[in-house]
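S.K.: Following is a predicted model, sequence given first.
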Amino acid sequence: MVFYFKARPDVGDYTIFMGLDKHENEELIRYGFPEDIWFHVDKMSSAHVYVRLNKGQTIDDISEGLLEDCAQLVKANSIQGNKVNNVDVVYTPWYNLKKTASMDVGQVGFHNPKMVRTVKVEKRLNEVVNRLNKTKVERTPDLKAEREAIGAAERSEKKVQMRDKKRREEMERLEKEKLADIRSYKGLMVSEKMTSNKQIASENRSLQEMEEDFM
């Protein structure tokens, strides 16, 4: 089971989601998207909360409003973190999550700790949490199939882009050859290199004229 929430409308059309338990968290870790940003209460047990950014966006594109929604949701879904103030919430791109065979189910590390950011949540904002909960939808998605479908679409798009690139390169090559041929033909037509019919006639005297000169 995965829970989906809609972020506040003024920040854009963003979906925030989290797994029901550590087993769903494990699936979310395995089949995440490059645009996913992961949130967790620092040094405490909490839900794994994600927000899916738009294609091409990065962690730097998260607005303050969207960040607050994600941080409040992850705090509210931490048994310990929900009871105290001044909680640190860490967040990082999904692809920075590190999973090894020795880790427990749902446990993660980081490939690059420098890519992990922290935001302090002073207190729970009920108006934010309640608004998010009103948008809550429960689904049991096939995360693997969703990831494979997106991967197939991306590969197909890349093939089209490569084909278009090769077509443009071939057209550019043919155009260059055409221009080269034109320049070569123009070189042959330079007036200094051309001979008129009159010049040919004057330079190629008849045998009779040459005999008359000889006589």
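M.R.: Sure thing, it's come through. Given the structure is predicted, the values throughout are model-derived calculations rather than measurements.
S.K.: hey, which helix is longest across this protein?
M.R.: helix 143-188 (DSSP state H).
S.K.: Which strands and helices lie in contact with it?
M.R.: helix 22-30 (3 or more Cβ pairs under 8 Å, 6 or more residues apart in numbering; DSSP states H and E). Just so you know, the C-beta spots here come from the backbone N, C-alpha and C atoms, and that holds for glycine as well.
S.K.: From N85, how far out is the nearest residue to N86 once chain neighbours are set aside?
M.R.: Of all residues not flanking N86 in the chain, E122 sits nearest, at 5.8 Å (Cβ to Cβ, 6 or more residues apart in numbering). Distance, E122 to N85, using Cβ to Cβ, to the nearest Å: 6 Å.
S.K.: One more: T92?
M.R.: Distance from T92 to N85, by Cβ to Cβ: 24 Å.
S.K.: quick one: which of these two has more around it?
M.R.: More neighbours surround T92 than the other of T92 and N85, with 22 against 11 (other Cβ atoms under 10 Å).
S.K.: Surely the more buried one touches I62?
M.R.: No: using Cβ atoms under 8 Å, T92 makes no contact with I62, being 11.6 Å away.
S.K.: which residues of this structure score low on pLDDT?
M.R.: Along the chain, the parts satisfying pLDDT under 70 run over 151-158, 185-215.
S.K.: domains for it, by residue range?
M.R.: What automatic domain parsing lists as the domains of the chain is 2-141, 143-215.
S.K.: just checking, which of these sits deepest inside the structure?
M.R.: Most buried of the domains of the chain, by mean neighbour count (mean count of other Cβ atoms under 10 Å): domain 2-141, with a mean of 16.
S.K.: end-to-end on that one?
M.R.: End-to-end distance for domain 2-141, by Cα to Cα, to the nearest Å: 7 Å.
S.K.: How far does it sit from its chain's centre?
M.R.: Computed by Cα atoms, centre = their mean, to the nearest Å, the separation of domain 2-141 from the middle of its chain amounts to 20 Å.
S.K.: centroid residue for this structure?
M.R.: The residue lying closest to the centre of the chain (Cα atoms, centre = their mean) is G56, at 4.2 Å.
S.K.: OK, contacts around V108?
M.R.: The contact partners of V108, taken as Cβ atoms under 8 Å, 6 or more residues apart in numbering, are I29, W38, L97, K98, K99.
S.K.: same thing but 6 Å
M.R.: L97, K99 (Cβ atoms under 6 Å, 6 or more residues apart in numbering).
S.K.: The nearest residue to T135 once chain neighbours are set aside bridge partners, please.
M.R.: Residue nearest to T135 in three dimensions, not counting chain neighbours: K6, with 4.0 Å by Cβ to Cβ, 6+ apart. Note on K6: beta-bridge partners by DSSP bridges are T15.
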